[in-house]
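Participant: here's a sequence, model it:
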Amino acid sequence: MKNTHTAIAIRLLIRLFLAATLIACALQARAQMPEITLSIAGNKLTAEVAANDTERMQGLMHRRMMPEHKGMLFVFTSVAQHAMWMKNTFIPLSVAFIDSDGVITNIEDMKPHTLDTHPAVKPVRYALEMNLGWFAKRGIKAGAKIEGLERAPKPK
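Facilitator: As a prediction, this is how the structure comes out:
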């Protein structure tokens with residue numbers, strides 16, 4: 001009986017160690033993403049920058065919350081009609097698609113845990129994800145210019 005309890009305790013400790021290791025790796029990867037300050041119509045925000053394939057694929061997946069004035073800027077390697085989706089994403093988001101001149105082409109609201117695609121209406125260089133309704137609350141619409149994009153890392 002004692003050996004059974006010991007084996008169960010060891011398995012539990014191994015699982016806890018593995019879970020802690022995975023969380024630490026995820027936090028380290030997230031912490032390595034650079035952040036920049038952007039401004040839209042007088043509203044400042046801090047954006048994590050996803051500038052390589054791994055970061056763009058991960059995006060905001062698996063996160064449970066995001067502070068009000070934080071978001072994620074996706075920097076694409078080419079100007080194209082990019083689209084976003086919400087697989088494994090818990091946070092309801094709004095995404096602004098942005099052309100090479102920093103002008104928002106369109107804003108789409110996205111529901112968590114869906115495979116629905118939300119495309120840009122024309123070719124864009126960037127996408128900025130914020131909490132659902134962030135742009136609408138501030139009266140930010142297509143045509144608004146985003147300042148600070150020149151500080152974003154080059155895409156890889």
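
Participant: which SSE is the closest residue to residue 131 other than its chain neighbours in?
Facilitator: Leaving aside its sequence neighbours, residue 131 sits nearest to residue 66 (CB to CB, 6 or more residues apart in numbering; 5.8 Å). The way it works is simple: take the backbone N, C-alpha and C, and place the C-beta from them, glycine included. Here residue 66 is covered by no helix or strand, with elements defined by DSSP states H and E.

Participant: isn't residue 121 right up against residue 106?
Facilitator: Yes - taking CB atoms under 8 Å as the definition, residue 121 is a contact partner of residue 106 at 4.5 Å.

Participant: before we move on, back to that, is it true that the residue nearest to residue 131 touches residue 60?
Facilitator: Yes - shown here, residue 66 and residue 60 form a contact pair, counting by CB under 8 Å, at 6.9 Å.

Participant: overlap of the contact sets of these two?
Facilitator: residue 91 (CB atoms under 8 Å, 6 or more residues apart in numbering).

Participant: contacting residues for the residue nearest to residue 131?
Facilitator: So residue 66 contacts 60, 91, 130-131 (CB under 8 Å, 6+ apart).

Participant: most surrounded residue in these?
Facilitator: Within those, most neighbours by other CB atoms under 10 Å means residue 130, with 26 neighbours.

Participant: you'd agree that one is up against residue 91?
Facilitator: No - using CB under 8 Å, residue 130 is not in contact with residue 91; the gap is 9.8 Å.
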